[in-house]
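Trainee: Show me how the following folds:
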Amino acid sequence: MSMTSSSTSPRILVVLTSHDQKGSTGQPTGVYLSELTHADAVFRQAGYVIDYVSVKGGRVPLDGVDRADPVNAQFLDDNDKVAALHASRKPGDVDPKAYAAIYYAGGHGTMWDFPDATTLAEHAAMIYERGGIVGAVCHGPAGLLNVRLTNGSFLVAGKKVAAFTNQEEEAVGLTRVVPFLLADALTARGALHQSAGPWQKNVVVDERLVTGQNPASAKGVAEAMCGLLRERSEPGSRR
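Mentor: Model (predicted):
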């Protein structure tokens, strides 16, 4: 099934984890809700059409479901959005040529299923090489680890990136639970990891790659992505 739509509005593909447990702890995990909702709100406000895709398709596990956050509450109270979220598309049902950008939301679940999501990595590479924007926040950059460009290089190689830090992982007590430390894995791929203090907003833009460190960075990542998309849509801009 192609994702091409008759709508003329530019589309953004939002990538979500399907993994719902933290290793063998029995503790639930999934998409960290504010990393989805805060970005989603920015994208929609800017006039983009959002499509959700998850590693396995279908229902998406949620973590950090805090209704005291008004952006979360507004999302959860929108039956259409919630229905679309839990009817997320499978990677093979997505046409990457239909999208101006791809955004990887975080949550600890991503650490288990994003790196090996080969089809999604291929989608991200195609979107980027067609002049689109790639964004990710918190643990979402786990989805970038195995994104290779057509020249064989890793997308993150030589680029400044932000992601959940080793210090933050230690603070939440999951250093020995996650399958690897994200900041270290990105560095091993040749990325130039840029960190701020724990839980501080940190958004890094390098060419058409936008990454953020933690939940506090989700809105900023989306805003930076929208800024780049606006620049590329201006007359005379290089496509």
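Trainee: CA atoms for contacts and neighbours, from now on please.
Mentor: Will do.
Trainee: For the protein, name the helix or strand with the lowest mean pLDDT.
Mentor: Every helix and strand of the chain was ranked by mean pLDDT, DSSP states H and E. The lowest is helix 218-233, at a mean of 95.
Trainee: Could you check it and say which residues are buried?
Mentor: 218-226, 228-229, 232 (16 or more other C-alpha atoms under 10 Å).
Trainee: likewise stretch 27-35?
Mentor: For stretch 27-35, a neighbour-count test (16+ other C-alpha under 10 Å) marks 29-35 as buried.
Trainee: Just the CA atoms of it, as PDB, please.
Mentor: What follows is stretch 27-35, C-alpha atoms only, in PDB (Å, rounded to 0.1, in the frame of the first residue of the first chain):
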ATOM      1  CA  GLN A  27       8.900  -3.000  33.500                       C
ATOM      2  CA  PRO A  28       6.800  -1.500  30.700                       C
ATOM      3  CA  THR A  29       8.100   0.900  28.200                       C
ATOM      4  CA  GLY A  30       7.300   2.200  24.800                       C
ATOM      5  CA  VAL A  31       7.200   5.600  23.100                       C
ATOM      6  CA  TYR A  32       7.800   8.400  25.600                       C
ATOM      7  CA  LEU A  33       4.500  10.200  25.100                       C
ATOM      8  CA  SER A  34       5.700  13.800  25.300                       C
ATOM      9  CA  GLU A  35       8.400  13.100  22.700                       C
END
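Trainee: contact partners of it?
Mentor: Stretch 27-35 is contacted from outside by 16-22, 60-66, 71-72, 105-110, 137, 215, 218-219, using C-alpha atoms under 8 Å, 6 or more residues apart in numbering.
Trainee: follow-up on the earlier one: just the buried residues of stretch 27-35: which are in helices?
Mentor: Under the assignment DSSP state H, the buried residues of stretch 27-35 contribute 33-35 to helices.
Trainee: hmm, back to that, tell me which other helices or strands the least confident helix or strand of the chain touches.
Mentor: In terms of contacts (3 or more C-alpha pairs under 8 Å, 6 or more residues apart in numbering; DSSP states H and E), helix 218-233 is packed against helix 33-45, strand 133-137, strand 203-206, strand 209-212.
Trainee: could you pull out the helices for the chain?
Mentor: Using DSSP H, the helices of the chain run over residues 33-45, 70-76, 79-85, 110-113, 118-129, 166-171, 182-188, 218-233.
Trainee: for the ones you listed, which one sits closest to I12?
Mentor: When the helices of the chain are compared by C-alpha to C-alpha, helix 33-45 sits nearest I12, at 7.9 Å.
Trainee: Run the angle between the closest one and strand 133-137 for me.
Mentor: Going by axes from the mean of the first three to the mean of the last three C-alpha atoms, to 10 degrees, helix 33-45 is angled at 150 degrees with respect to strand 133-137.
Trainee: Report the inter-axis angle for helix 33-45 versus helix 218-233.
Mentor: Going by the same axes, to 10 degrees, helix 33-45 makes 30 degrees with helix 218-233.
Trainee: Please name the residues that touch the residue most central in space within the chain.
Mentor: Of all residues in the chain, the one closest to the mean position by C-alpha atoms, centre = their mean is Y104, 1.1 Å from it. By C-alpha under 8 Å, 6+ apart, Y104 lies in contact with 14-16, 135-137, 140-141, 143.
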